[in-house]
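K.L.:
Generate a structure from the sequence data that follows.
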Amino acid sequence: MHSLWIRYEHDGRAGFGRLDGERVHEHQGDLFARHEPTGRSFALSELRLLAPTQPSKVVAMWNNFGALRARLGLGLPEEPLYLLKSPNSWCASGDAVAVPRCGGKVVFEGELGIVIGRRCSGVSEAQALEHVFGYTCANDVTQAEILNRDASFAQWTRAKGFDTFCPMGPAIATGLDPQTLRVRTLLDGQVRQDYPISDMTFPVPRLVSLISQDMTLLPGDVILCGTSVGVGSMKPGSLVEVEIEGIGRLSNRFG
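P.N.:
So this is what the prediction gives:
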C-alpha cells in the first residue's frame with residue numbers, strides 16, 4: 001500500500017508519522033519494526049522536517065545509468081561501483097546546503113534513494129525487495145574540483161562528505177514500483193534533469209542483493225541509485241529541488 005512517512009521535530013521533540021495530505025498522523029515505536037498510531041495529528045505546517053531516516057550509512061552509486069555512461073564514454077560496469085557518504089552529510093528538505101570552506105565548484109545530483117527496512121546480509125535477488133522499506137528523494141552533492149585534484153588518489157569521500165552534502169526527503173514512500181519512477185531535478189525552477197529509473201544498470205533488487213554480499217545493510221540505511229545526465233553546478237543562493245512522483249519534492253537552498 002502506498003504510504004508516505006516523515007520524521008519531524010515538534011516542540012523540540014523528534015517524532016515520526018504518516019503524511020496524509022497536509023496532516024501528519026503521529027506514530028510511536030520503530031518505523032522499521034513495530035509501531036502504532038498515537039491518535040494525535042499535526043498540520044504539516046506546524047512541524048520542522050527532519051531527514052526521513054537516521055541511517056548507519058548511505059551507499060552512493062557511480063556509473064549506474066546508461067544515458068550518462070554513454071555521454072561520458074564510460075564502460076559497462078560488471079558490478080556496482082559505490083562509495084559511502086559521511087554521517088555528517090545527511091540533512092532534511094528545507095535545510096540549507098552549506099558552502100564548503102574551501103570553496104570551488106559544487107554540483108547537484110538528483111537521485112532515487114532506496115531505504116532498507118530489514119537487516120539485509122547476503123540476500124538473493126529474489127529476496128531483496130522483502131528488505132526494502134521504501135524510497136526517498138536525494139541530492140548527492142559533490143565538490144567537483146576536489147575529486148581528481150591529486151593524481152594519485154581520487155577523493156570521493158572528501159568531495160561528497162562535506163556537512164549537509166546529502167539532503168534526503170521529504171518523505172519515505174512505500175508501495176511504489178521503482179521501475180516506473182522518474183527523477184526530475186530543478187535548479188531555480190528550471191528542469192535540469194528528467195530521467196527514468198528504468199535506465200538503471202543494476203535495478204533495485206539486483207543492487208540491494210549485490211551490495212548485501214559485501215556489507216550488512218541495516219534498517220534505515222539508504223542506497224543512492226546514482227544519477228543521469230543533466231548534473232550541473234550551484235551558486236550560493238541557488239534552490240535545488242529533486243522531485244519524484246509518489247514521493248514528493250526535496251527542496252534545499254545552497255548557502
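
K.L.:
which of the residues in stretch 69-83 are buried?
P.N.:
Within stretch 69-83, the residues scored as buried using 16 or more other Cβ atoms under 10 Å are 69, 80, 82-83. Every residue, glycine included, has its C-beta placed from N, CA and C.

K.L.:
Same check on stretch 150-158?
P.N.:
Residues 156, 158 are the ones in stretch 150-158 that count as buried (16+ other Cβ under 10 Å).

K.L.:
rewinding a little: so which of the buried residues of stretch 69-83 are in strands?
P.N.:
Taking DSSP state E as the definition of strands, the buried residues of stretch 69-83 contribute 82-83.

K.L.:
From the contact counts, what lies against the host helix or strand of Q213?
P.N.:
Per DSSP states H and E, Q213 falls inside helix 204-214. Under the contact criterion of 3 or more Cβ pairs under 8 Å, 6 or more residues apart in numbering; DSSP states H and E, helix 204-214 touches strand 110-116, strand 222-224.

K.L.:
Tabulate those strands in TSV, adding columns for distance to S93, mean pLDDT and mean neighbour count.
P.N.:
Output for these, formatted as TSV (distance: least, Cβ to Cβ, whole Å; pLDDT from 0 to 100; neighbours: other Cβ atoms under 10 Å):
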stretch	distance to S93	mean pLDDT	mean neighbour count
strand 110-116	12	98	27
strand 222-224	14	98	27
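
K.L.:
So what pairs up with the residue nearest to the spatial centre of the chain in the strands?
P.N.:
Central residue of the chain (Cα atoms, centre = their mean): A138, 3.1 Å from the mean position. Beta bridges link A138 to E111, M168, judged by DSSP bridges.

K.L.:
Tell me which residues touch it, please.
P.N.:
A138 is in contact with 110-113, 166-168, 222, 224, 242, 250, counting by Cβ atoms under 8 Å, 6 or more residues apart in numbering.

K.L.:
change it to 7 Å
P.N.:
By Cβ atoms under 7 Å, 6 or more residues apart in numbering, A138 lies in contact with 111, 113, 166-168, 224, 242, 250.

K.L.:
try M215
P.N.:
Per Cβ under 7 Å, 6+ apart, neighbours of M215: none.

K.L.:
got it, and Y135?
P.N.:
Counting by Cβ under 7 Å, 6+ apart, Y135 has contacts 112-115, 172-173, 176, 178, 247.

K.L.:
the helices in the stretch 51-200 of the chain, which residues?
P.N.:
Using DSSP state H, counting those that start in this stretch, the helices of the stretch 51-200 of the chain run over 66-72, 156-160.

K.L.:
quick one on the thing from earlier: so how far is the helix holding Q213 from its chain's centroid?
P.N.:
17 Å (Cα atoms, centre = their mean, to the nearest Å).

K.L.:
In it, which residues are buried?
P.N.:
Quick answer for helix 204-214 (16+ other Cβ under 10 Å): 204-205, 207-212.

K.L.:
re the thing from before, can you tell me which two in the contacts of Y135 are farthest apart?
P.N.:
Greatest spatial distance among the contacts of Y135 (Cβ to Cβ): I172 and P178, at 13.0 Å.

K.L.:
more neighbours, these two?
P.N.:
Higher neighbour count among I172 and P178: I172, with 29 against 21, using other Cβ atoms under 10 Å.
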